[in-house]
Structures are given as structure tokens and as C-alpha cells.
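Peer 1: Let's see this in three dimensions:
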Amino acid sequence: MFRSKNAKPSPDELELAGQCRLEAEALYRSGTYHCAEAVLAVVRKHFRPDVPEDVVHLASGFGGGSGSGCICGAVSGGTVGLGLVLKDKKDVMHATRELHTWFKEQYGVTCCKTIRAANDKGICPVITGEVAGKVVEMLSRH
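Peer 2: Here you go, the predicted model:
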């Protein structure tokens, strides 16, 4: 079962989350991956290295708010990452709600178009890193 979102992460969990935050942001900035792919790539690398790297391409359509500017690609990639790691559907749904709630607390909305309109485009790699860190923190509690 998924541990409480109020549980305090250990220093090791925080260190891993910070490392993954930096890795995802660097992947985005490299131009190799967009937001959703970068988050999923980091989750796969640290939690499911047994899964072929090609799985990251499953998130290719989610960048730029799924091409329409709707839901943030980083959140979509994080959601896919949660499903990749967590085995219980209820745990995935609970974690997804937690991720969306956290994101809305940070940015007010999950809409890519709205976030980008209110911020410089340079916000995207930062958001990508923050989402990856949050997802890793959540998965570390599991």
C-alpha cells in the first residue's frame, strides 16, 4: 500500500529526489527529450531499469500539453512513470491524485498553455525537474 503523503522522506529519499530533479532538467535542456519523456526516463532509470529504454517513447505524444497545450507534459510523464512502477491500480490512482494536487498547489493549474502564458518558456525545464523529483519522492515512500 502507498504510504501516507504526510510521511517525512528520509535523507536518502530526498537525495535521490534531488538527483532525479537535476537529471530530468538536464535531459530536457539537452534537447534529447521533452518534458514528459524526461520525467519518464528518470523514473525508468531509477525504479525500473529492467524495462527497455524504448518505453520512454510512449510519452512522446505528451510534450507541449499533448500537442494541444492542455495538461502539462511533465505531469503526464509523471503519471505514466507512476503506472510503470506501482503495481496496484488503486495505488496508481492515489498517487496520480497526489501528484496533480501537489502540482496545482505549486502552479495553480495543470494546463501547459496557461502556465507558459504566465511564465517565460524557461520554466519548462524547471517544472520538468520538479515533477521528476516529486514523483521520485512519492515512489520512494512506496
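Peer 1: Low-confidence stretches in this structure?
Peer 2: The model of the chain has pLDDT under 70 over residues 1-9.
Peer 1: Check it and tell me which residue is nearest its centre.
Peer 2: Closest to where the C-alpha atoms of the chain average out (Cα atoms, centre = their mean) is Gly78, at 3.0 Å.
Peer 1: Next up, phi/psi of it, please.
Peer 2: Torsion angles at Gly78 (phi, psi; degrees, to the nearest 10) stand at phi -60, psi -40.
Peer 1: list the contacts for it?
Peer 2: Contact partners of Gly78, counting by Cβ atoms under 8 Å, 6 or more residues apart in numbering, are Val39, Leu40, Val43, Leu99, Val131, Ala132, Lys134, Val135. All C-beta spots, glycine's among them, are computed from the backbone N, C-alpha and C.
Peer 1: what about the helices in this structure?
Peer 2: With DSSP state H as the criterion, the chain has helices at 11-30, 35-47, 63-64, 73-85, 89-107, 112-118, 123-140.
Peer 1: any idea how far Phe62 is from Ala26?
Peer 2: 19 Å (Cβ to Cβ, to the nearest Å).
Peer 1: before we move on, back to that, out of the contacts of Gly78, who has the most neighbours?
Peer 2: Val39 (38 neighbours; other Cβ atoms under 10 Å).
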